[in-house]
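Asker: Predicted model and sequence follow; I will ask about them next.
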There are 2 protein chains.
Amino acid sequence: MKTEKILAASGTNLLTRRSFAKPILVQKYGGSSVATADLIKNVARRVVARHREGKAVVVVVSAMGKTTDSLIKLSKEITQHPQRREMDMLLHAGEIISTALVAMAIAELGIPSVSFTGQQAGMRTDSSHTEARILGVDGVRILEELGSGKIVVIAGFQGITADLQITTLGRGGSDTSAVAIAVGIGADECEILTDVDGVYTADPRIVEKPLKMSWCSYDEMLELAILGAKVLHSRSVEIARRFDVPVLVATSYRDAPGTVICSPEKARKEFRVMEEVSVRGIAHQKNVAKISLVDVPDQPGVAAKVFSTIGKQDINIHLIVQAEHRGGKNDISFLVGGDKLPLVRQILGDLVQLVSGARAVVDENVATVSLVGEGVQREPGIAARMFTTLANAGINIDLISTSNLMLTCVIPEDRAEDGVRALHQEFFEKSSTGD
Amino acid sequence: MKTEKILAASGTNLLTRRSFAKPILVQKYGGSSVATADLIKNVARRVVARHREGKAVVVVVSAMGKTTDSLIKLSKEITQHPQRREMDMLLHAGEIISTALVAMAIAELGIPSVSFTGQQAGMRTDSSHTEARILGVDGVRILEELGSGKIVVIAGFQGITADLQITTLGRGGSDTSAVAIAVGIGADECEILTDVDGVYTADPRIVEKPLKMSWCSYDEMLELAILGAKVLHSRSVEIARRFDVPVLVATSYRDAPGTVICSPEKARKEFRVMEEVSVRGIAHQKNVAKISLVDVPDQPGVAAKVFSTIGKQDINIHLIVQAEHRGGKNDISFLVGGDKLPLVRQILGDLVQLVSGARAVVDENVATVSLVGEGVQREPGIAARMFTTLANAGINIDLISTSNLMLTCVIPEDRAEDGVRALHQEFFEKSSTGD
């Protein structure tokens, strides 16, 4: 995954920022939090409350509810192959609508406010339409308006290229906007307010009593996001990590403590974490497919050939396992998102050709379950408990993959929920079994 | 009514324009013409047909159907007093959506296209939010894209101030955008395509067989527009007149000749108008109220005081008649739009105070009928025929007002339709009665 090249706040910004006494808070509200006029009023009340605490508040908003989906549907009635530039032009209107309405709702509560398009907010991007990368945030105009006592409301998800083309940031774009803006204006805090109230130890739809984490490291959050916990988009976490901006994830519907995504150092200081609990959460992923190349000759460069062919097709790989087999032959297995399987099938013949003599086997009925936590790989006791737990639940482990941050098992898809529940019970519901 | 100060095409524009061989056509499509995906495809087909004729085509579009109304409704659920800047931010999203979709539909037909926001199109305005005046159109970017063979689709109704605030042009804004863009890029033709197929001799909802005019002078159109023919907004006609840009008004639903709004000189040449028919159309206006100040002392400056007081309230006056009365006292009557009556009532006491001794009488049950045509006032025979016709229909004439371009009678509101029908029959349906 590419990372954003955000230029740090420019000299001018820092100057303006320095002359600025109040702490700056950036809040992002997702589409479901601004889906109706009443919800928008609720957002305005929350924002104004933070302003009244003495903070300079910047609000980043997504498009209302299903606006983006409706616009996409409308475009599909016209063409199956819209130009990406025109999709950006179309979709960016959604955030403009919600942004103006939120600004109005704030003013209605008596606090001056101003709405900004991505361009007005200084969100500069490259020209990769529909998935633009952020080049920098020129925060001067935001800081000026904050300085005059206004709450600044910014359309998330959108930016502008050097030659004034409108771009959108792709999936998770508004989260990314919020964190980038927080970096660009040197904000003190950044909050992502959404319909979930934090990061849990497992998916609440599967596990009965998941625990909400008070904090989570950037790296743990990246693993959890990639592995299927849909709380915060990876891009925004990457930017937060790069500039070490703590991000609070919480719900916009009520006052409840959320989860702070931050560095382990900050967590140790702020949350007085004395002894680290190694396993922080359980992630899982169902819509995946496993491709195995069986009986691959054990020659240098074979794997490289395979994955450069796949990489050319813009297919993200979730996991790669190569196991030594027998008689100088290997098995190479990898996981792709289920939506990419048709693409993979198209090049399967080429792949088999590349690795002469191999066979390709596709298995769509797989899932992953993962233990996530800084250092989980280092403690063999954790791996042993994981495998035992799955075995006791009668779940067969197909592949195993580990990193410093996680232990992942590929298991049959129809056992994914059982696996998550069993692991959650083992690692979070037993009382003081210790590691 | 203020007029727009449009700077003529800059040196750069003229240079670019000159290096441009094809004739340039600007077409504007109204909201009802782009209300659905199918209608948008229809617009694209019409636009592409003109492109294939060898023209460089610029398309200006309004928001789809009732989009603007829905956005206003949404804002009212949030506040009854939206900041005007935020209304502009909100509403300009509507045109962005339709513009992107039209560009997609054109590309789907195989012709390269590009959509522009008002800002991208170089539409510069002052900062009067919700009713911004156009300062100029920097057409270079439009001409560049036309030069590369693209059809350029532009969001009407919107512009940008010098400090990058988004503005909208108020009522009739997209018509105004289209004519201003035609001026800014030195277009050869400008067409306003809408749900009416031209300018008629009377409102087709009242008169059974109105005649479609093949042409109409700028001045006649201004009178017809002000007096209630909702074909083309006055602001756009004023710009067209100022820069002498002929504007074709026609329907977007089928191929049918429309009405060309142009100078009488051009009409004489193009339409071989040998002998001028003096009466060109019959306008009427129903939602008006008459205010009469009775027994006003005949002293200098009284009328000035009255109308400067009204002017401060942002109330447009439709007509003023002062009649000498008796014993050094006058009656001053004027008409205002019905929606402004509550405002007028608030200051009625002040007005009476200003003109010591006068009484104020308000009559809401009035309407106007007008004969419009260059020089109608000069020919007494026409006035006589008008008054006789109304008298024969049993319609009492309350006030009479004339200008070089029109004869207007104020009559009872419930007889407005009868008056229009009678006058239309007299002036348009009799065979060769001559003047």
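Answerer: Cool, got the structure.

Asker: going forward, measure contacts and count neighbours with C-alpha atoms only.
Answerer: Will do.

Asker: Get me the contact residues on the stretch 1-150 of chain A for chain B.
Answerer: A:37-38, A:40-41, A:74-75, A:77-79, A:81-83, A:86-87, A:89-91, A:93-94, A:96-101, A:103-105, A:107-108, A:114-115, A:120 (C-alpha under 8 Å from any C-alpha of the partner chain).

Asker: Restricted to strands, list these.
Answerer: Using DSSP state E, the subset of those located in strands is A:114-115.

Asker: Return the set of buried residues in stretch A:420-432.
Answerer: For stretch A:420-432, a neighbour-count test (16 or more other C-alpha atoms under 10 Å in any protein chain shown) marks A:420-425, A:427-428 as buried.

Asker: Let's have those residues in JSON lines, adding secondary structure and pLDDT.
Answerer: Listed next are the buried residues of stretch A:420-432 as JSON lines, based on DSSP: H, G, I helix; E, B strand; the rest coil; pLDDT from 0 to 100:
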{"residue": "A:420", "secondary structure": "helix", "pLDDT": "95"}
{"residue": "A:421", "secondary structure": "helix", "pLDDT": "96"}
{"residue": "A:422", "secondary structure": "helix", "pLDDT": "96"}
{"residue": "A:423", "secondary structure": "helix", "pLDDT": "95"}
{"residue": "A:424", "secondary structure": "helix", "pLDDT": "95"}
{"residue": "A:425", "secondary structure": "helix", "pLDDT": "94"}
{"residue": "A:427", "secondary structure": "helix", "pLDDT": "92"}
{"residue": "A:428", "secondary structure": "helix", "pLDDT": "91"}
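
Asker: give me every residue that touches residue A:31.
Answerer: Applying C-alpha atoms under 8 Å, 6 or more residues apart in numbering or on different chains, we find residue A:31 in contact with A:61-66.

Asker: ok, so what distance separates it from residue A:60?
Answerer: 11 Å (C-alpha to C-alpha, to the nearest Å).

Asker: What pairs with the strand ranked longest in chain A, parallel or antiparallel?
Answerer: Criterion DSSP E: the longest strand present in chain A is strand A:281-297. Take DSSP bridges as the rule and strand A:281-297 pairs in its sheet with strand A:329-337 (antiparallel), strand A:359-372 (antiparallel).

Asker: Quick one: mean pLDDT over it.
Answerer: Averaged across strand A:281-297, the pLDDT comes to 89.

Asker: Please, where are all the strands along the stretch 51-200 of chain A?
Answerer: Ranges of strands in the stretch 51-200 of chain A, per DSSP state E, counting those that start in this stretch, are A:56-61, A:113-116, A:123-125, A:134-137, A:151-155, A:158-160, A:166-168, A:189-194.

Asker: And the residue of the stretch 151-300 of chain A closest to chain B?
Answerer: residue A:164 (7.3 Å; C-alpha to the nearest C-alpha).

Asker: Would you confirm that that residue contacts residue B:120?
Answerer: Yes - the criterion here is C-alpha atoms under 8 Å, and residue A:164 meets it with residue B:120 at 7.3 Å.

Asker: Please say which of those two ends up with more neighbours.
Answerer: Taking neighbours as other C-alpha atoms under 10 Å in any protein chain shown, residue A:164 and residue B:120 compare with residue B:120 leading, 21 against 13.

Asker: Which pLDDT value belongs to the more buried one?
Answerer: Note for residue B:120: predicted pLDDT of 97.

Asker: Tell me both backbone torsions, phi and psi, for it.
Answerer: Main-chain dihedrals, residue B:120, degrees, to the nearest 10: phi -60, psi -30.

Asker: which residues does it contact?
Answerer: A:164, B:141.

Asker: which outside residues touch stretch A:123-135?
Answerer: A:4-7, A:84-85, A:87-88, A:136-138, A:158-162, A:165, A:167-171, A:177, A:180-181.

Asker: Rounded mean pLDDT for that stretch, please.
Answerer: On average, stretch A:123-135 scores 94.

Asker: Which parts of chain A belong to which domain?
Answerer: For chain A, the structural domains run A:11-270, A:281-429, going by automatic domain parsing.

Asker: Please point out the stretch among those with the lowest average pLDDT.
Answerer: Among the domains of chain A, domain A:281-429 carries the lowest mean pLDDT (a mean of 87).

Asker: Could you report the neighbour count for residue A:93?
Answerer: Count around residue A:93 with other C-alpha under 10 Å applied: 28.

Asker: do residue A:308 as well
Answerer: Residue A:308 is flanked by 10 other residues according to other C-alpha under 10 Å.

Asker: State the three-state secondary structure for it.
Answerer: helix (DSSP: H, G, I helix; E, B strand; the rest coil).

Asker: Please tell me how far it sits from residue A:315.
Answerer: 10 Å.

Asker: wait, what's in contact with the nearest residue to residue A:65 once chain neighbours are set aside?
Answerer: Nearest residue to residue A:65 in three dimensions, chain neighbours excluded: residue A:35, at 4.2 Å (C-alpha to C-alpha, 6 or more residues apart in numbering or on different chains). Applying C-alpha under 8 Å, 6+ apart to residue A:35 gives the contacts A:63-66.

Asker: In helices only, show me the contacts of stretch A:123-135.
Answerer: Judged by DSSP state H, helices contain the following of the contacts of stretch A:123-135: A:84-85, A:87-88, A:177, A:180-181.

Asker: got a list of what residue A:401 touches?
Answerer: Residue A:401 neighbours (C-alpha under 8 Å, 6+ apart): A:319-321, A:407-409.

Asker: Give the buried residues for the helix or strand hosting it.
Answerer: Assigned by DSSP states H and E, residue A:401 falls within strand A:399-403. Neighbour-count burial for strand A:399-403, with 16+ other C-alpha under 10 Å as criterion, is recorded at A:399-400, A:402.

Asker: For chain B, tell me which of these show up nearby.
Answerer: Restricting those to contacts with chain B (C-alpha under 8 Å from any C-alpha) yields no residues.

Asker: Of those residues, just say which sits nearest to residue B:241.
Answerer: residue A:402 (75.4 Å; C-alpha to C-alpha).

Asker: The closest one and residue A:382 touch, don't they?
Answerer: No - in this structure, residue A:402 is not within contact of residue A:382 by C-alpha under 8 Å, at 11.7 Å.

Asker: Skipping adjacent residues, who's closest to the residue most central in space within chain A in space?
Answerer: Centroid-nearest residue in chain A, with C-alpha atoms, centre = their mean: residue A:233, separated by 1.6 Å. Distances taken as C-alpha to C-alpha, 6+ apart put residue A:172 closest to residue A:233, at 5.1 Å, once the chain neighbours are dropped.

Asker: Need phi/psi at the one you found.
Answerer: Taking degrees, to the nearest 10 as the convention, residue A:172 sits at phi 70, psi 20.

Asker: I'd say it and residue A:231 touch.
Answerer: No - contact criterion C-alpha under 8 Å: residue A:172 and residue A:231 do not qualify, at 9.8 Å.

Asker: and the residue nearest to residue A:65, how far is that from residue A:66?
Answerer: 8 Å.

Asker: same check, this time on residue A:23
Answerer: From residue A:23 to residue A:66 the distance is 34 Å (C-alpha to C-alpha).

Asker: burial count for the nearest residue to residue A:397 once chain neighbours are set aside?
Answerer: Distances taken as C-alpha to C-alpha, 6+ apart put residue A:411 closest to residue A:397, at 5.1 Å, once the chain neighbours are dropped. For residue A:411, the count of nearby residues is 22 (other C-alpha under 10 Å).

Asker: ok, residue A:411 to chain B distance?
Answerer: Residue A:411 is 44 Å from chain B, where distance means C-alpha to the nearest C-alpha, to the nearest Å.

Asker: quick one, what contacts that residue?
Answerer: Contacts of residue A:411 by C-alpha under 8 Å, 6+ apart are A:366-369, A:395-399.

Asker: Can you tell me which of these are buried?
Answerer: A:366-369, A:395-396, A:399.

Asker: Now do the phi/psi pair for the residue nearest to residue A:65.
Answerer: phi -70, psi -20.

Asker: buried sites along stretch A:78-85?
Answerer: In stretch A:78-85, counting by 16+ other C-alpha under 10 Å, buried: A:78-79, A:82-85.
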